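Chemist: Here's a sequence, model it:
(one chain, ligands or ions: 1)
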Amino acid sequence: MTLHAQEQTLDDELTAERTHLDTSRAALRRMRERAEALFATGDKVAGDAYTAEQLGRHMARRVAELADDPTTPLFFGRLDFGAADPDHAGRDYHVGRRHVTDEAGEPLVLDWRAPISRSFYRASARDPQGVAVRRRFGFSTGALTSFEDEHLDRGEELGTASRILTAEIERPRVGPMRDIVATIQPEQDELVRADLADSICVQGAPGTGKTAVGLHRAAYLLYLHRERLRRSGVLIVGPNRAFLSYIAAVLPALGEVEVAQATVEDLIARVPVRAVDDPAVATLKHDIRMAEVLRRAVDRHIGAPTEPIMVSDGSFRWRIGVDPLHRMVEETRREGLPYATGRERVLARVVGLLQRQSEARRAESPSDAWLRRMGRAKPVSAFLDAVWPALSPEGLVHSLLGDPEALAAAADGLLNADEQALLRAGTKLGRTPKATRWTTADAVLIDEAAGLIERPAGFGHVVVDEAQDLSPMQCRAIARRSEHGSITLLGDLAQGTAPWAATDWRVSLAHLGKPDALVVPLSIGFRVPAAVVAFANRLLPALAVDVPAAESLRRDGALDVRTVDDLVAATVAEVRAALGHDGSVGVIAADDAVDRLRAALAADGVQTATADEVETAARVTVVPATLVKGLEYDHVVVVEPAAIVAAEPRGLHRLYVVLTRAVSRLSVLHTEPLPQPLG
Ligand SMILES: Nc1ncnc2c1ncn2[C@@H]1O[C@H](COP(=O)(O)OP(=O)(O)OP(=O)(O)O)[C@@H](O)[C@H]1O
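Modeler: Numbers count the residues shown, from 1 in each chain. The predicted structure follows:
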């Protein structure tokens, strides 16, 4: 074929693909219109209000799921199956964000999560999985501009040399995080498609796609186990609100509109947090030993019966002796139920014994009303309140921390006298739980107590991001909510900044109740350019963690480390220069320097946003170092690393996080010498 003929063929193919895109978009529009029409008439077809409401909710969800964003491609790949494949021989499939079918129900686009689509991510020249040609499409704001073929049947494979993959990775970043469905890599795909039953832990250096993997796994599991997970729920846990707003758009863009997102603090918010603990006190409250202290504190409320129960019932008098009561309480205690369930069980057993006496005497079964009356009888309530009193989580923690004797008894052999004193002195208790100014660490204790008293409802799957910063007690809070589900734990030990940061995933996994979860490394970096990674990696030996180093896919990018005379003026000048390029600009500084920098930029006419304003028109964001975890900006300006390190005990880890936020360019401005490992 002549060059000209080849070009002509390519042009024709591109035209055919564009036509397929138009057809698919029209079909999606029809699907949505049909869903909207059903939504509008839903209450007329439904027999009753409840069904109407259910149907309405279902249809509203369906309409939302079928939303089409014209700026994102509806499909991004195509698989041509060779003659050898028994099921799909000679067929081709377009792979996209969701199923699109024509009027006859024939697929125009296959959902990326469908079983066939798997080969789009996993087929290789060595293992073509029946695929003859894999095609990737290049898009520019929704318009199909190019494609790239790999003839796997001829041993052709581009891997990470794909031009379209490279363009996607090197795309200047703006605004919130986007999905990566078009370019999920094989090692990522393996995690995304892991079984619902499997809990996994992903250790990955900055920018290896951990967050992306977690979100796509949630979407994948929802596709495969829609009904089950809709009932039990999927939860994404992130480090702070700024991070959650940054990732909030990814799942809806994939058609998943019902995933809960929360910080651990949101999850356990039973009491308002109105005070801050001293770091030493907070660390102690987050210590795993507190779980046993609280367990004992709850257990101590179960007493031994000392008197029989006597209940008058008309002309009868029922009596349960101390011995059977004793046996009943011990038996219930041994069952290891949540405390409140145990209390109900004891009550039910007492009423059961009364019922048997009554049946023996009256030779008939008592009515429900009779059973309720017995359950509320004064002597029964008095017995229950003495032997198994009702407890509230905040009441329990309040009395534990406010009563030296109770604390000493519960903490005996677990916390030494100094630690007990620290707990007591460090907590400013009010007269009542309500009047107490609780801290975030107190909220963790209260949640633990609540979990002992009453099991919380769990989720079917929980994705935990930046998990290296979870304390043992926070891990337990998540464990309680995923007891019957699975988890995806994502993190990087090198980025641990909390005083209790994890140093061994096995320990975290044990606290999370998933000791057997697989720990899988991700090692290819998609965010940070190689030169920047090399600079940040100089910190690694000082971080005292054992993690595999990442290899950056990005050969582009720029690093500029500069001593300056005037930090503020230099920052303003650097931001001005950065605005000459495409993409977002993130200025990251020690928390106490942020206001000054914002003011200086404003005075110079540069509009700035805060970290949680992801949909803003401002291209420049000024972020305190403690809030930047998980975020990325195209050009990052780091202001005075020494001050970032000096601000907290694990300052070097914080600096490692800060230096790894840049997608294209990193500027480091300093007046003080750089922290040791960098200097
Ligand atoms: N397969 C991929 N194709 C294209 N882009 C990708 C891919 N994987 C990750 N990325 C991009 O790389 C960047 C980093 O991804 P992500 O935030 O998920 O990394 P991370 O490991 O969670 O980083 P951190 O440790 O800093 O939180 C994002 O912009 C993401 O979209």
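Chemist: In contact with the residue of the stretch 401-550 of the chain found nearest the ligand, which residues?
Modeler: The stretch 401-550 of the chain approaches the ligand most closely through Phe526 (3.4 Å), counting by CB to the nearest ligand atom. Where C-beta positions appear, they are placed from N, C-alpha and C, glycine not excepted. Neighbouring residues of Phe526 by CB atoms under 8 Å, 6 or more residues apart in numbering: Ile169, Gly207, Thr208, Gly209, Leu553, Arg554.
Chemist: Same check on Pro128?
Modeler: Applying CB under 8 Å, 6+ apart to Pro128 gives the contacts Gly82, Leu152, Asp153.
Chemist: if I look at it, how far off is Gly82?
Modeler: Separation of Pro128 from Gly82 (CB to CB, to the nearest Å): 8 Å.
Chemist: cool, Leu470 as well?
Modeler: Counting by CB to CB, the separation of Leu470 from Gly82 is 48 Å.
Chemist: Gly679 now?
Modeler: Going from Gly679 to Gly82 by CB to CB gives 58 Å.
Chemist: do Ala534 as well
Modeler: In this view, Ala534 and Gly82 are 43 Å apart by CB to CB.
Chemist: Please spell out which residues along stretch 498-505 are buried.
Modeler: Buried residues in stretch 498-505, defined by neighbour count with 16 or more other CB atoms under 10 Å: Ala498, Trp500, Ala501, Ala502, Trp505.
Chemist: per-residue confidence averaged over that stretch?
Modeler: The average pLDDT for stretch 498-505 rounds to 95.
Chemist: First-to-last residue distance for that stretch?
Modeler: Terminal residues of stretch 498-505 lie 15 Å apart, using CA to CA, to the nearest Å.
Chemist: Please apply the same query to stretch 274-292.
Modeler: Its start and end residues considered, stretch 274-292 measures 26 Å (CA to CA).
Chemist: which residues are in contact with that stretch?
Modeler: Residues outside stretch 274-292 that contact it (CB under 8 Å, 6+ apart) are 414-415, 419, 422-423, 426-428, 437-442, 444-445, 448, 471-474, 476, 499-500, 511, 649.
Chemist: OK, contacts around Ser552?
Modeler: By CB under 8 Å, 6+ apart, Ser552 lies in contact with Gly207, Ile524, Gly525, Val528, Pro529, Ala530, Val532, Val533.
Chemist: switch to 10 Å and redo it
Modeler: Shown in contact with Ser552 (CB atoms under 10 Å, 6 or more residues apart in numbering): 169, 205-208, 524-534, 537.
Chemist: what's the answer for Thr145, then?
Modeler: Taking CB under 10 Å, 6+ apart, we find Thr145 in contact with Leu14, Arg18, Phe137, Gly138, Phe139, Ile164.
Chemist: same thing with Leu158?
Modeler: Counting by CB under 10 Å, 6+ apart, Leu158 touches Ala125, Arg134, Arg136, Glu148, Asp149, Glu150, Ile164, Leu165, Thr166.
Chemist: Check the model's average confidence along the host helix or strand of the fifth one for me.
Modeler: Read that as Asp149. Remark: Asp149 resides in strand 143-151, with elements defined by DSSP states H and E. If you average the pLDDT over strand 143-151, you get 92.
Chemist: gap between that strand and the chain center?
Modeler: 34 Å (CA atoms, centre = their mean, to the nearest Å).
Chemist: Now Glu615, what are its backbone angles?
Modeler: Main-chain torsions, Glu615, degrees, to the nearest 10: phi -100, psi 20.
Chemist: Next, the contact list for it, please.
Modeler: Gly175, Pro176, Ser245, Ala248, Ala249, Ala609.
Chemist: out of those, which are inside strands?
Modeler: Counting by DSSP state E, the contacts of Glu615 place Ala609 in strands.
Chemist: Could you turn the buried ones of the contacts of Glu615 into a ChimeraX selection?
Modeler: Burial among those is assessed by 16+ other CB under 10 Å; the matching ChimeraX selection reads:
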select :245,248,249,609
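Chemist: Name the nearest of the contacts of Glu615 relative to Ala360.
Modeler: The closest of these to Ala360 turns out to be Ala248 (CB to CB; 63.6 Å).
Chemist: Spell out which residues sit in contact with that closest one, please.
Modeler: Ala248 neighbours (CB under 10 Å, 6+ apart): Pro176, Met177, Ile236, Gly238, Arg241, Val259, Gln261, Val614, Glu615.
Chemist: Buried ones among those?
Modeler: Buried members of those, counted by 16+ other CB under 10 Å: Met177, Ile236, Gly238, Arg241, Val259, Gln261, Val614.
Chemist: Quick check: the two most widely separated of the residues you listed?
Modeler: Maximum pairwise distance in the buried ones among the contacts of Ala248, criterion CB to CB, is 17.4 Å, between Val259 and Val614.
Chemist: Around Asp22, count how many other residues there are.
Modeler: By the measure other CB atoms under 10 Å, the count of residues near Asp22 is 12.
Chemist: Who are the contact partners of it?
Modeler: Counting by CB under 10 Å, 6+ apart, Asp22 touches Leu74, Leu144.
Chemist: re the thing from before, which of the contacts of Leu158 tops the neighbour count?
Modeler: Within the contacts of Leu158, Arg134 tops the neighbour count with 26 neighbours, counted by other CB under 10 Å.
Chemist: What residues are bridge-paired with that residue?
Modeler: Beta-bridge pairing for Arg134 (DSSP bridges): Leu79, Glu150.
Chemist: for the one 4 residues further on, same thing?
Modeler: Each beta-bridge partner of Gly138 is listed here, defined by DSSP bridges: Ser146.
Chemist: Quick check: it touching Arg171?
Modeler: No: Gly138 sits out of contact with Arg171 when judged by CB atoms under 10 Å, with a separation of 11.2 Å.
Chemist: Looking at those two, which has the bigger crowd around it?
Modeler: Neighbour totals were compared for Gly138 and Arg171, and Gly138 leads with 17 against 14 (other CB under 10 Å).
Chemist: what residues are up against the more buried one?
Modeler: Gly138 makes contact with Pro73, Phe76, Leu144, Thr145, Ser146, Phe147, Glu148, Arg163, Ile164, Ala167, Glu168, Ala182 under the criterion CB under 10 Å, 6+ apart.
Chemist: Type out the PyMOL command that picks the buried ones from those residues.
Modeler: Buried residues among the contacts of Gly138 (16+ other CB under 10 Å), as a PyMOL selection:
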select buried, resi 73+76+144+147+164+168+182
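Chemist: so which pair among the contacts of Gly138 is furthest apart in space?
Modeler: Going by CB to CB, the pair spanning these furthest: Pro73 and Arg163, at 15.9 Å.
Chemist: Helices - which of the buried ones among the contacts of Ala248 land there?
Modeler: In this view, the buried ones among the contacts of Ala248 that belong to helices under DSSP state H are Arg241.
Chemist: on that earlier part again, just the contacts of Ala248 now: which is nearest the ligand?
Modeler: When the contacts of Ala248 are compared against the ligand (criterion: CB to the nearest ligand atom), the nearest one is Met177, at 6.2 Å.
Chemist: Relative to Lys514, how far out is Gly142?
Modeler: Separation of Gly142 from Lys514 (CB to CB): 41 Å.
Chemist: Neighbour count for those two, which is higher?
Modeler: Comparing Gly142 with Lys514 by neighbour count (other CB under 10 Å), the higher total belongs to Lys514, at 23 against 14.
Chemist: need the residues of the chain near the ligand, please.
Modeler: By CB under 6 Å from any ligand atom, the residues of the chain that approach the ligand are 168-169, 180, 183-185, 188, 204, 206-212, 492, 526-527, 630, 632, 660.
Chemist: Find the residue closest to the residue of the stretch 251-400 of the chain found nearest the ligand in space, skipping its chain neighbours.
Modeler: Closest approach between the stretch 251-400 of the chain and the ligand, counting by CB to the nearest ligand atom: Ala253, at 12.1 Å. Here the nearest residue to Ala253 in space, its sequence neighbours aside, is Asp179; by CB to CB, 6 or more residues apart in numbering that works out to 5.3 Å.
Chemist: Fine, thanks again, bye for now.
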